[in-house]
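Colleague: Turn this into a model:
(chains A and B)
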Amino acid sequence: MNTELEHVLEENFGFTHFREGQKEIILSVMKGRNVLAILPTGAGKTLCYHFPAKLLDGITIVVSPLLSLMEDQVHQMRASGEKAVVQLNGLLSFTEKEQVLSELHHRSIVFVSPEMLANDYLLKKLRHWKVGLFVVDEAHCISQWGHEFRTDYLRLSDARAALGEPPCLALTATATAEVEKDILGCLAMENAVVHRFSVNRPQIKYFIEECASEEEKQSRFREYITQVASPAIVYTGTRNDAVQLSNEIRETGISSTAYYHGGLAKEERLLIQRQFLHDELRVICATTAFGMGINKPDIRTVVHMHLPSSIEQYVQEVGRAGRDGKESAALLLYTKADRYRPLSFIEQEFLTEKELSALFRVLKGSGGTVAIKDIPAMLQLDETVWRMVMYYLEKAAAVKAGRIAAERLNEELLATLHEHFTKRRRQKQSLFLQLERLFTENSCIRSGILAYFGENQHTSPAFCCSACGFRFTDMPGFDPHPRPADESGKSNEITWQEELQHMLLPHKRGR
DNA sequence: CGGTAGAGTACTAGTACTCTACCGGTGCACTAGT
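Modeller: Residues are numbered from 1 along each chain as shown, chains lettered A, B, ... in the order given. From the prediction side, this is the model:
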C-alpha cells in the first residue's frame, strides 16, 4: 500500500516522497476516517486532500474561509495541471453557479464558503452527487469566528449531514486542546483520528518589548524599521494606525511600503497582496485582515504594534514568517494601555443583559410583524451582533417562516442567551489574558507558546527569545547601518488602478 | 486607553475653544429564477 501511495504521488504530483505528516493523514483519510490534522504552516496541507480527492469515489468539498484564498487555491491547483477543480461563491452569478453545478465531474474538487453551504438550494443541488470527502481548511476559523462573527461556520455539521455524512478532514496550523474539541464538536466528527504535529518553529525568534508610553513605542519603531530584515509585515490595532505607520515608514525613505485593511476596495487589496508576493513591497502595515493564505516563503520580520486577541492569533500571525526555514524575527512592542482595545472589542461583541432584555421586549412587540431583515436597521443594531443573536434564536426555534415567533421569547430563553454570551465573553477575555500573561511574566516565550498548545517537551534553539536574554538588535538580519533611501529604486508614481490595469491587460503594458 | 467627531459656548458673530460620547478588528452573501 505504501509504495503504491508513493507511486501515485510521483505519477500525479511529481514528488518522490511525502513531507512529514502528509502520509499518515492521507492514509487515515483513505481509510474513510474523520481526521483532524494540526500541521504547522508550510507543511503542505493541500496535498492532504488533493491526493485523496484523486482516488476517492465522489466529489470533494473544500470549505475555505476567504474568497481570495479560494481563488488562489483554485488557481494554483489548475496551474499544477488539476482540471477538475471549481469554486462556488458569491463572485459567481446565478447562471454561472448553475453552470458549475451542471459540469461537475465525479471526482471534482469544489471550493465553497461556509455561507454558501448554508444555502438550501445549493445543498439540494450538491446532493445529486456522491460526496467522497468533506474538507474544512483553516479549521481554527470555526472557533475563532464561528461563534460570533461568522455563525455559518457552526452550521457546517448540518451541511455535512445533508450531504450524506461524508468523512471529514479538518486542517489547521493551530489548535489547543479546547479548539480541537470545538472543531470536532462543531463538525460532528465522530471517532476522529487526530494527527497533531508540533507548532514549534525554531527559525522564528520572539522579541517582546514593553514601552513606557505610546511616544516611546513609536520612537522605538522608527529606530528599528529602517533596519529590520525585509520583507516585513507590521500589524496594527486599527486601520488608521496602519495608514499612519505606512506614511511614517515612507518618510524614513522606504518608499516600497503600503497599508492594508478590510476597508480597502477588493481590487486594491488584491494588488497590494500581489505586490508583496512579488517583492515590490518591502513592508506592509496591516490590520488582522492581512495574511491568511499568504504563501510567501521569505518573510523575515513580523512586527506587532498592538496586542493580538489571543496566543493562537499571535502564533498564526508570526507564523507567516520564515516559511523557507531561515531565521526570522517576531517583534512585539506594547504599552500597558494597549490592553484596553482588545478588551473593548470583546465587550462590544456581546449584548449585555440589559440590552438583550430590551431587544426581547422590542421583538415581542413588533417581531411578529416585521421582516427579520429589517430588524437591525429598525433597532440600530450592529449587523454582526444581530446575526449572532439570530443564530441562537433559530436554534431555540424562535424563528418561523422569516418572522420572530414572539411567544418563544420568554424569560427562560433570555436567561439561556445571557448565560451563553457571558460564558463566551469570559472565554474570550481569558484567551486575551493568557496572551498578556505570556508577554509580561518574563519567562521564555517559546516555552509559553508550546505549553499553551499542550506541548511540554522541546529543546530551545540556541537563540530563542527576549526573555532568554536576546535583543532584537542581535538578530542576524538586523542592519546596524540603516539604508537612508529605498534600495529597490522603485517609484510609486503609478496608481494602483493603473497597475491593476497593467496586470489584467498585459498587452497594454509598456515595459 | 487614546483619538476624534460633533455639540455647545464664548465673543471675535464665524472662528476658537471646551466638553462629552463613542469608537476602535476580522467576511460572506444579500434582489428575481430553480
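Colleague: May I have the phi/psi pair for residue A:444?
Modeller: According to degrees, to the nearest 10, the main-chain angles of residue A:444 amount to phi -50, psi 120.
Colleague: Sketch out the low-pLDDT regions of the stretch 351-500 of chain A for me.
Modeller: The stretch 351-500 of chain A contains residues with pLDDT under 70 at A:367-368, A:477, A:479-500.
Colleague: Please apply the same query to chain A.
Modeller: Ranges of chain A meeting pLDDT under 70: A:1-2, A:367-368, A:477, A:479-511.
Colleague: let's see it at 80
Modeller: Counting by pLDDT under 80, the low-confidence segments of chain A come to A:1-2, A:42, A:366-374, A:377-380, A:401-402, A:457-460, A:462, A:476-511.
Colleague: Where does the spatially most central residue of it sit, in terms of helix or strand?
Modeller: Nearest to the geometric centre of chain A sits residue A:292, at 4.6 Å (Cα atoms, centre = their mean). For residue A:292, there is no enclosing helix or strand under DSSP states H and E.
Colleague: Please apply the same query to the one 4 residues further on.
Modeller: Applying DSSP H and E as the criterion places residue A:296 outside every helix and strand.
Colleague: That one - nearest residue in space that isn't next to it in sequence?
Modeller: residue A:277 (5.5 Å; Cβ to Cβ, 6 or more residues apart in numbering). Placement of C-beta: from N, CA and C, glycine included.
Colleague: same deal with residue A:250?
Modeller: Among residues not flanking residue A:250 along the chain, residue A:257 sits closest, at 5.7 Å (Cβ to Cβ, 6+ apart).
Colleague: pretty sure that neighbour contacts residue A:244?
Modeller: No: if you go by Cβ atoms under 8 Å, residue A:257 and residue A:244 don't touch, sitting 11.9 Å apart.
Colleague: Settle it for me: which of those two has more neighbours?
Modeller: Neighbour totals were compared for residue A:257 and residue A:244, and residue A:257 leads with 23 against 15 (other Cβ atoms under 10 Å).
Colleague: Which phi and psi values does that one adopt?
Modeller: Torsion angles, degrees, to the nearest 10, at residue A:257: phi -140, psi 160.
Colleague: Also residue A:64?
Modeller: Per-residue torsions, residue A:64: phi -120, psi 140 (degrees, to the nearest 10).
Colleague: Distance check, it against residue A:472.
Modeller: Distance, residue A:64 to residue A:472, by Cβ to Cβ, to the nearest Å: 35 Å.
Colleague: Isn't the residue nearest to the centre of chain A up against residue A:65?
Modeller: Yes: taking Cβ under 8 Å as the definition, residue A:292 is a contact partner of residue A:65 at 6.8 Å.
Colleague: Find residues that contact each of these two.
Modeller: Residues touching both residue A:292 and residue A:65 (Cβ atoms under 8 Å, 6 or more residues apart in numbering): residue A:138.
Colleague: near DNA strand B, which residues of the stretch 1-150 of chain A?
Modeller: A:65-69, A:89-91, A:93-95, A:113, A:115-116, A:119, A:121, A:125, A:144-145, A:148-150 (Cβ under 7 Å from any atom of the strand).
Colleague: Summarise which helices and strands the top helix by length along chain A is packed against.
Modeller: Assignment by DSSP state H gives helix A:411-440 as the longest helix of chain A. Helix A:411-440 is packed against strand A:204-210, helix A:311-318, helix A:340-349, helix A:353-362, helix A:383-395, helix A:445-452, with contacts defined by 3 or more Cβ pairs under 8 Å, 6 or more residues apart in numbering; DSSP states H and E.
Colleague: Turn these into a markdown table, including mean neighbour count and distance to residue A:81.
Modeller: Below are the helices and strands packed on helix A:411-440 laid out as a markdown table (neighbours: other Cβ atoms under 10 Å; distance: least, Cβ to Cβ, whole Å):
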| stretch | mean neighbour count | distance to residue A:81 |
| --- | --- | --- |
| strand A:204-210 | 21 | 33 |
| helix A:311-318 | 23 | 30 |
| helix A:340-349 | 14 | 44 |
| helix A:353-362 | 15 | 53 |
| helix A:383-395 | 17 | 40 |
| helix A:445-452 | 20 | 38 |
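Colleague: In TSV: those, plus distance to residue A:73.
Modeller: As requested, those are exported to TSV (distance: least, Cβ to Cβ, whole Å):
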stretch	distance to residue A:73
strand A:204-210	25
helix A:311-318	18
helix A:340-349	29
helix A:353-362	39
helix A:383-395	26
helix A:445-452	28
